[in-house]
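Novice: Pasting the sequence and the predicted model now:
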Amino acid sequence: MTNYSRTDSGDETILRIEGTLDAATAPDLRGVVDTIVDEGRLLITLELSSLRLIDSSGVGVIVSLFKRVRANGGQVRIVGLRDQPRAIFRLLRLDRVFPT
Amino acid sequence: MVRLTLPAQLAFRDLAVTAVLTAVGADGREPPPHLRDALISAISEAWNNIVLHAYRGITGGHVDVAVFVGTDQIEIELADRGRGFDPSAVAEYTPPDLSAPENEAVSSLREGGMGLFIIRSCMDDVVYTRGAHGSPNVLVLKKRHVAAPGDHNLPSAGYTAKKETAQSGWRMRSVGYADEAAPQRVRGGVGSLKRK
């Protein structure tokens, strides 16, 4: 199960993702990502300290957000990555791509 | 040994993972974080592949899960009767090229196709045998059980590959390499595929 909470503070959007981001829940996040991109938000912070588990489907949605916001001239930052999600990002070498 | 049969649905993935972790920890010792993370990651990807690809468009399928815990190795077997696949036809995950200009590195980021890479990188040996003549597709995942208390890192990706041929089916054998973040340890990396 995944919970999302979005907070807009000035130009910055903070998206907190909690729980499990996997093949079952990633489609829901994709809708949230679409909305953020469509609204032209350019400063995105993903707060992942309460993310317990991520799989390749979940990573794919985050990469999609990153690429689309970057294409619009914006930036996506990740904070709070830990445990299994952190290990997956390291394994895929995404920890060196995403500003943290 | 632990055996169970579960419906081939995403909702049962956590149960499969729990069964494996319970079997591994049945001797009263919690698996160390790095082992736990590796097992969770690999089994999750394998389960997704079975549910979303092998059983795509097929309802009522099941997955037979078997877990063998030895003194120095864990072996997990996932068997399904869905469509088999050809691992060599799956595009290899390419990690971001950090030496490329930033925009090129970003545009080359993959949004999918990471599952097999994760499985291979987290396990020490992976063998896939495609079912034929009524036999199931069988994925065997092996992990050496080496305690490393306090280590929370999966093996970082190694990019040298070694080909090995399984006695049957496909072998996706990881290879040792020196991890940049922890040069004192040799860890498993990504392997390649070769069909016999």
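Specialist: Good, I have the coordinates. Source: prediction; values computed, not measured. Residues are numbered from 1 along each chain as shown, chains lettered A, B, ... in the order given.
Novice: helices or strands next to the strand ranked longest in chain A in the packing?
Specialist: Identified as the longest strand of chain A according to DSSP state E is strand A:12-21. Applying 3 or more C-beta pairs under 8 Å, 6 or more residues apart in numbering or on different chains; DSSP states H and E, one finds that strand A:12-21 contacts strand A:2-9, helix A:26-38, strand A:43-47, strand A:51-54, helix A:56-71. Bear in mind the C-beta positions are built from the backbone N, C-alpha and C, glycine included.
Novice: just how off-centre is that strand within its chain?
Specialist: With C-alpha atoms, centre = their mean, to the nearest Å as the basis, strand A:12-21 stands 6 Å off its chain's centre.
Novice: Run the angle between it and strand A:43-47 for me.
Specialist: Going by axes from the mean of the first three to the mean of the last three C-alpha atoms, to 10 degrees, strand A:12-21 is angled at 30 degrees with respect to strand A:43-47.
Novice: Tell me the confidence at the spatially most central residue of chain A?
Specialist: For chain A, the residue nearest the mean C-alpha position is residue A:62 (4.2 Å; C-alpha atoms, centre = their mean). At residue A:62, the predicted lDDT confidence score is 96.
Novice: got a list of what it touches?
Specialist: Listed by C-beta atoms under 8 Å, 6 or more residues apart in numbering or on different chains, the contact partners of residue A:62 are A:21, A:46, A:76, A:78.
Novice: State the pair within these that is farthest apart.
Specialist: By the measure C-beta to C-beta, A:21 and A:76 form the most distant pair in the contacts of residue A:62, at 14.9 Å.
Novice: Give me the residue ranges of the chain where confidence is low.
Specialist: Reading this off chain A. The model of chain A has pLDDT under 70 over residues A:100.
Novice: actually it's chain B I care about, not the one you picked
Specialist: Applying pLDDT under 70 to chain B picks out residues B:146-196.
Novice: max-length helix in it?
Specialist: The longest helix of chain B (DSSP state H) is helix B:33-49.
Novice: what angle do it and helix A:56-71 make?
Specialist: Here helix B:33-49 points in a direction 90 degrees away from that of helix A:56-71 (the same axes, to 10 degrees).
Novice: Distance to residue A:16 for the helices and strands packed on strand A:12-21 - can I get that in TSV?
Specialist: Listed next are the helices and strands packed on strand A:12-21 as TSV, based on distance: least, C-beta to C-beta, whole Å:
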stretch	distance to residue A:16
strand A:2-9	5
helix A:26-38	11
strand A:43-47	4
strand A:51-54	9
helix A:56-71	13
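Novice: Get me the contact residues on chain A for chain B.
Specialist: Chain A comes close to chain B at residues A:22-24, A:53, A:55-57, A:59-61, A:63-64, A:66-67, A:70, A:82-84, A:86-88, A:90-94, A:96-97, as judged by C-beta under 8 Å from any C-beta of the partner chain.
Novice: how many neighbours does residue 43 have?
Specialist: In the absence of a named chain, this looks at chain A. For residue A:43, the number of neighbouring residues by other C-beta atoms under 10 Å in any protein chain shown comes to 16.
Novice: not quite, I wanted chain B
Specialist: If we define neighbours as other C-beta under 10 Å, then residue B:43 has 27 of them.
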